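**Student:** My questions concern the predicted model and sequence given below.
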Amino acid sequence: FDGKDDYIEIPSNIAPQLANSDFTIEFWAKVPQVTGAERFYIYAQGDYYVENNNIQIYVGYNPTRLWFNFSRFDDYFDLTLTNEHFNNLKHYAFVYDKSKTSNQDTIKLYIDGIQQTLNFASGAIMNDGTTASGPVYLGGGWTPSTNVSNGEILELKHLRVYNSVKYTNNFDVDLSNYII
């Protein structure tokens, strides 16, 4: 995805519908280092203007961080990325378990099979879940937000979405063959 006008829209009738369910979203990505207020939407669904009615996964802002949001307000977490993440193909897995009561247990991020320590927004309540539905946007194209880029490229491969918790502990990833 070129960060400007390349994106894929999956229509509602075939898009994963994750509202009020556990889920796992995983993919391989080569994440660019972005500067300023740039952002690359990796996965987006739902209504941005309604609290807890969207799912957003994107890379952006300076320093470059990987974001996961349920709303445009306080229900998000982020992870500051380091040089080892930039322009290297990595496996990312976001796992949401609605039965958990703390943010740290409700949402987990694994990079190359290793659970990451996340920064949660003050006031974030992730176990409320999301009512996001409708089409899914990959790589951009999601209204009202658009990608903003200075020409960096986001490479995305093997996106998989499940209506279940797929990982509960660290797991092995074969980095030579991109196999989980």
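**Tutor:** Received it, and whenever you're ready, just let me know what you need. Numbers count the residues shown, from 1 in each chain.
**Student:** CA only for contacts and neighbour counts going forward, please
**Tutor:** Will do.
**Student:** Would you map the helices across this protein?
**Tutor:** 103-106 (DSSP state H).
**Student:** Report the central residue of it.
**Tutor:** Ile57 (2.6 Å; C-alpha atoms, centre = their mean).
**Student:** which stretches of this structure form strands?
**Tutor:** Using DSSP state E, the strands of the chain run over 8-10, 23-30, 39-46, 54-60, 65-69, 76-80, 90-96, 107-111, 114-115, 119-120, 136-138, 155-162.
**Student:** Now do the third one against strand 155-162, angle only.
**Tutor:** When you say that, I think you mean strand 39-46. 20 degrees (axes from the mean of the first three to the mean of the last three C-alpha atoms, to 10 degrees).
**Student:** Output strand 39-46 in CSV with nothing but the alpha carbons.
**Tutor:** These are the backbone C-alpha positions of strand 39-46, laid out as CSV (Å, rounded to 0.1, in the frame of the first residue of the first chain):
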residue,chain,number,x,y,z
ARG,A,39,-0.7,7.2,9.5
PHE,A,40,-1.2,3.9,7.6
TYR,A,41,-4.5,2.1,8.3
ILE,A,42,-3.9,-1.6,8.3
TYR,A,43,-7.5,-2.6,9.3
ALA,A,44,-10.5,-0.4,9.8
GLN,A,45,-14.2,-1.2,10.3
GLY,A,46,-17.3,0.6,11.7
